[in-house]
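Trainee: Model the following, please.
(2 chains)
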Amino acid sequence: MAQVILFLQQLLNGLSLGSIYALIALGYTMVYGVLRFINFAHGDVYMLGAYAGFAITNVIYTIIPLDQYNAISRHTFIPIFVCTAIVMLGAMIFCAILGMSIERIAYRPLRDRPRLTVLITAIGVSLFLQNMTQFFVGAQPQAFKQLIPVRAIEGLGDLTVLSSQAAIIISTIVLMVFLRLVVMKTKIGLAMRALSVNPTACSLMGVNNGLVISFTFALGSALAAAAGILVAMDSPSINPLMGNLQGIKAFVAAVLGGIGNINGAVVGGLIIGVLETLVVGYSNELTTLFPALHYLFPEGVSQFRDAISFAVLIIILLFKPTGIFGRVEREKV
Amino acid sequence: MSRARAILGIFLLFLFLFALFVERPLADNLAYYYDILINIGINIILAVSLNLVNGYTGQFSLGHAGFMAVGAYAAGSWSEHLSPSLINFLAGSNGVLTFVLKPFPFLQALPTMCADNLALVVATIFGGLLAALAGLAVGIPSLRLRGDYLAIVTLGFGEIIRTLILNIDFLGAARGMSVTGRYTNMFWTFGIAAVAVYIVLGLVNSTYGRGFLTVRDDEVAAEAMGINTTKYKVIAFVVGAFFAGTAGSLFAHYTGFLTPEGFNFFKSVDVVVMVILGGMGSTTGVILAAILLTILPELLRGLAHTDFVPVFQKAIEGVVPIHLPPLQGLLENRLILYSLLLIIMMLTRPQGLFGDIAGSRKRVASSPAK
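Mentor: Got it, this is the predicted structure:
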């Protein structure tokens, strides 16, 4: 029984981690869907989302009264979730504007150029955002002030669910439903889907492709900002380089699910999150199974957690480059 | 080709004389400039070898630092564990050279010198070969992928190599590894750089070179013509990795200390920026860019500590009512400069300062959306 509880616990931790990856992966996958290129700077938009949230939180903290734990008091007239929503919306709007500006300034002039040119520009934008952030706020990590009180939710027996984890999973579900509605039920969502199938035909039908692309960037960046704030709820230390690794893992998630496919990004994100948590959680068992691992990693396989997603990426690209839900695209000459 | 060989020979001879007479005084009296010179040499090797992959073959690799790390750590451990016996055999108190040269007291320093240089060469070749092996292991599976995927996969391999080193106790893990013997000198640094240029140009001007260029210009057409594109990509990748490994070995034997952090993604970016600034597919351009981008951060660092900067900052803060962090940071962070260079180059001159074809020729089916 204890084993089952432990497994469930790992699964739950994995899901909350995976939700973050999924939110970031959506941005990669949507941009790839409409433009067929990897937006390298997406991880840094996520980082800036966290910083925007950090700034807004600090402002809120100076305005409203705090309790003795230095957290937002439960008895103030602004309930906690309103504060959280303000922070989240503020950061999402900030990042949406940022994402659109990046597209407008750096990517749009390169629309007809070879893909590699755009990719290099994206790497440049990514480095620029990271280093300018580092210049303005410093390289040292900042402590994100607590938005919701982090404690275990009671009444779940041996299973420990932190309120932050619950917040992450619930917010992710809400955002996914919202995204689904936007993509499936609105006119601009229809235009996005049309653009991803055939841009030329799409513009012949009277769709303003530039506008749709801008909107896609805004949507993806807003989701990344939400991910940035959610991750700060769970581990409240943010730094200018936090977007690098998370960004790449989320990209792997997008590829795993089939890049360009929205459902795929979500599934891929959750799989990567769960996989990572399980490998770390069961590193001892893994080492007993494969003694060679012990020789390579005397400190335990968990040290290798950041390389897991790369290994996954290489395996997918070798055996099923289209990912789980991706469709085969023929290269036209 | 014989003309190129003659040039190489003359260059090496000149370099040998230079190393023999000028190097010691330079290293002793102008250590800072000597340091920059060695770094220029190492960066030329890195940039020229990456240019073979990214420029001539049109594959976008972001993992060059990973191969450099393999070379550096391999050569470093070679010198740490295997070289001492070799050096002892040659130049120890009962060594072969010491014995042979005993009758000539004015050649006292020669055995050690020979042994050190030999140790460097052996370690460098070993490092290069292991890096080439890593290049082969990375290249065969990943070179079937298209441009942007390849970039991410090579980035991933670079990170995996770094994570591996970070976790292998034998290589010092996060503590870093100290390398015995600071053997690196001007002769071998620039000698290997010259050989790298020679080999890369030789390859490019051969049948292989046609293969590389067709792969870059149109992979589908190349395949239709019966060209084994994977083969050419792998060759370019392995040769590139080999020279990255030798650069790593030179680096290891110059600084005498290696940390996994020294070979992170940003190190790869450094090399990529050199290739892009110089012009993908232009060896001259890439060499010049390597020189420029080694000197430029030093110049900027010098500029950052002039009195001019605080004055400038006060002036800005006088006009705009905000408090800026010290502007020195802006000048000292080379990555800000590099990122701007990347963006501006791609927007205005994607073929680089000296590049010929790579970016300027329009490719088929490159624009999914208007």
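
Trainee: Got the phi and psi for residue B:178?
Mentor: phi -90, psi 140 (degrees, to the nearest 10).

Trainee: same question, the one 4 residues further on
Mentor: Geometry field for residue B:182 lists phi and psi as phi -90, psi 80, criterion degrees, to the nearest 10.

Trainee: repeat for residue A:138
Mentor: phi 90, psi 160.

Trainee: For the closest residue to chain B within chain A, which non-adjacent residue is spatially closest?
Mentor: Closest to chain B within chain A is residue A:124: 3.1 Å, counting by CB to the nearest CB. Heads up, the C-betas are built off the backbone N, CA and C, glycines and all. Of all residues not flanking residue A:124 in the chain, residue B:342 sits nearest, at 3.1 Å (CB to CB, 6 or more residues apart in numbering or on different chains).

Trainee: before we move on, back to that, host element of the residue of chain A closest to chain B?
Mentor: Here residue A:124 sits within helix A:115-137, counting by DSSP states H and E.

Trainee: quick one: that helix to chain centroid distance?
Mentor: Taking the mean of its C-alpha atoms, helix A:115-137 sits 18 Å from the chain's own mean (CA atoms, centre = their mean, to the nearest Å).

Trainee: And it, what does it pack against?
Mentor: On a contact count with 3 or more CB pairs under 8 Å, 6 or more residues apart in numbering or on different chains; DSSP states H and E, helix A:115-137 meets helix A:42-63, helix A:242-257, helix B:147-167, helix B:265-278, helix B:328-332, helix B:334-348.

Trainee: rank those helices by pLDDT, which is bottom?
Mentor: Among these, helix B:328-332 has the lowest mean pLDDT, at a mean of 79.

Trainee: most tightly surrounded among the helices and strands packed on helix A:115-137?
Mentor: Stretch with highest mean neighbour count among the helices and strands packed on helix A:115-137: helix A:242-257 (a mean of 27; mean count of other CB atoms under 10 Å in any protein chain shown).

Trainee: continuing past that helix, what's the next helix or strand?
Mentor: Moving toward the C-terminus from helix A:242-257, the first helix or strand encountered (DSSP H and E) is helix A:262-281.

Trainee: So which bits of that next one are buried?
Mentor: A:262, A:264-281 (16 or more other CB atoms under 10 Å in any protein chain shown).

Trainee: what residue ranges in the stretch 51-200 of chain A score low on pLDDT?
Mentor: The model of the stretch 51-200 of chain A has pLDDT under 70 over residues A:65-78.

Trainee: Helices of that one, start to end?
Mentor: Counting by DSSP state H, counting those that start in this stretch, the stretch 51-200 of chain A has helices at residues A:80-102, A:115-137, A:163-185, A:187-197, A:199-204.

Trainee: ok, now the stretch 51-200 of chain B?
Mentor: Secondary structure of the stretch 51-200 of chain B by DSSP H, counting those that start in this stretch: the helices cover B:64-81, B:83-91, B:96-100, B:110-142, B:147-167, B:186-204.

Trainee: returning to that earlier point: got the angle between the helix holding residue A:124 and helix A:80-102?
Mentor: 130 degrees (axes from the mean of the first three to the mean of the last three CA atoms, to 10 degrees).

Trainee: surely residue A:39 meets residue A:123?
Mentor: No - in this structure, residue A:39 is not within contact of residue A:123 by CB atoms under 8 Å, at 10.5 Å.

Trainee: okay, those two: which has more neighbours?
Mentor: Using other CB atoms under 10 Å in any protein chain shown, the more surrounded residue of residue A:39 and residue A:123 is residue A:39, with 30 against 27.

Trainee: Please point out which parts of whichever strand or helix holds residue B:9 sit buried.
Mentor: Here residue B:9, judged by DSSP H and E, is contained in helix B:2-21. Counting neighbours by 16+ other CB under 10 Å, one finds that the buried residues in helix B:2-21 are B:8, B:11-12, B:15, B:19.

Trainee: can I get those residues in a markdown table with distance to residue B:129 and pLDDT?
Mentor: What follows is these, written out as a markdown table (distance: CB to CB, whole Å; pLDDT from 0 to 100):
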| residue | distance to residue B:129 | pLDDT |
| --- | --- | --- |
| B:8 | 22 | 86 |
| B:11 | 25 | 86 |
| B:12 | 22 | 86 |
| B:15 | 24 | 85 |
| B:19 | 25 | 80 |
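
Trainee: Restricting to the residues you listed, which residues neighbour chain A?
Mentor: Contacts with chain A are made by none of the buried residues of helix B:2-21, judged by CB under 8 Å from any CB of the partner chain.

Trainee: ok so, going back, tell me which residues touch the residue nearest to residue A:124, please.
Mentor: A:120-121, A:123-124, A:127, B:273, B:276 (CB atoms under 8 Å, 6 or more residues apart in numbering or on different chains).

Trainee: again, but for residue B:12
Mentor: By CB under 8 Å, 6+ apart, the contact set of residue B:12 is B:191, B:194.

Trainee: Go again with 10 Å.
Mentor: Counting by CB atoms under 10 Å, 6 or more residues apart in numbering or on different chains, residue B:12 makes contact with B:187, B:190-191, B:194-195, B:198.

Trainee: wait, which of those residues is closest to chain A?
Mentor: Nearest to chain A among those, with distances taken as CB to the nearest CB, is residue B:198, at 27.4 Å.

Trainee: From residue B:195, how far out is the closest residue to that closest one other than its chain neighbours?
Mentor: Once flanking residues are discounted, residue B:198 sits nearest to residue B:8: 5.0 Å by CB to CB, 6+ apart. Residue B:8 sits 7 Å away from residue B:195, going by CB to CB, to the nearest Å.

Trainee: just residue B:214 next, same as before
Mentor: Residue B:214 is 26 Å from residue B:195, where distance means CB to CB.

Trainee: same deal with residue B:348?
Mentor: Counting by CB to CB, the gap from residue B:348 to residue B:195 is 34 Å.

Trainee: For the stretch 201-350 of chain B, which residue gets nearest to chain A?
Mentor: Ranking the residues of the stretch 201-350 of chain B by distance to chain A (CB to the nearest CB) places residue B:342 first, at 3.1 Å.

Trainee: Over to the stretch 51-200 of chain B?
Mentor: Relative to chain A, the nearest point of the stretch 51-200 of chain B is residue B:156 (3.6 Å; CB to the nearest CB).

Trainee: So which residues on the stretch 1-150 of chain A come close to chain B?
Mentor: A:32-38, A:40, A:105-106, A:109-132, A:134-139 (CB under 10 Å from any CB of the partner chain).

Trainee: Please check these and keep the buried ones.
Mentor: By 16+ other CB under 10 Å, the residues of the stretch 1-150 of chain A next to chain B give A:32-38, A:40, A:106, A:110-111, A:113-132, A:134-135, A:137 as buried.

Trainee: Present the helices and strands packed on helix A:115-137 as JSON lines; the columns should include distance to residue A:213.
Mentor: Formatted as JSON lines, the helices and strands packed on helix A:115-137 follow (distance: least, CB to CB, whole Å):
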{"stretch": "helix A:42-63", "distance to residue A:213": "14"}
{"stretch": "helix A:242-257", "distance to residue A:213": "18"}
{"stretch": "helix B:147-167", "distance to residue A:213": "17"}
{"stretch": "helix B:265-278", "distance to residue A:213": "25"}
{"stretch": "helix B:328-332", "distance to residue A:213": "32"}
{"stretch": "helix B:334-348", "distance to residue A:213": "17"}
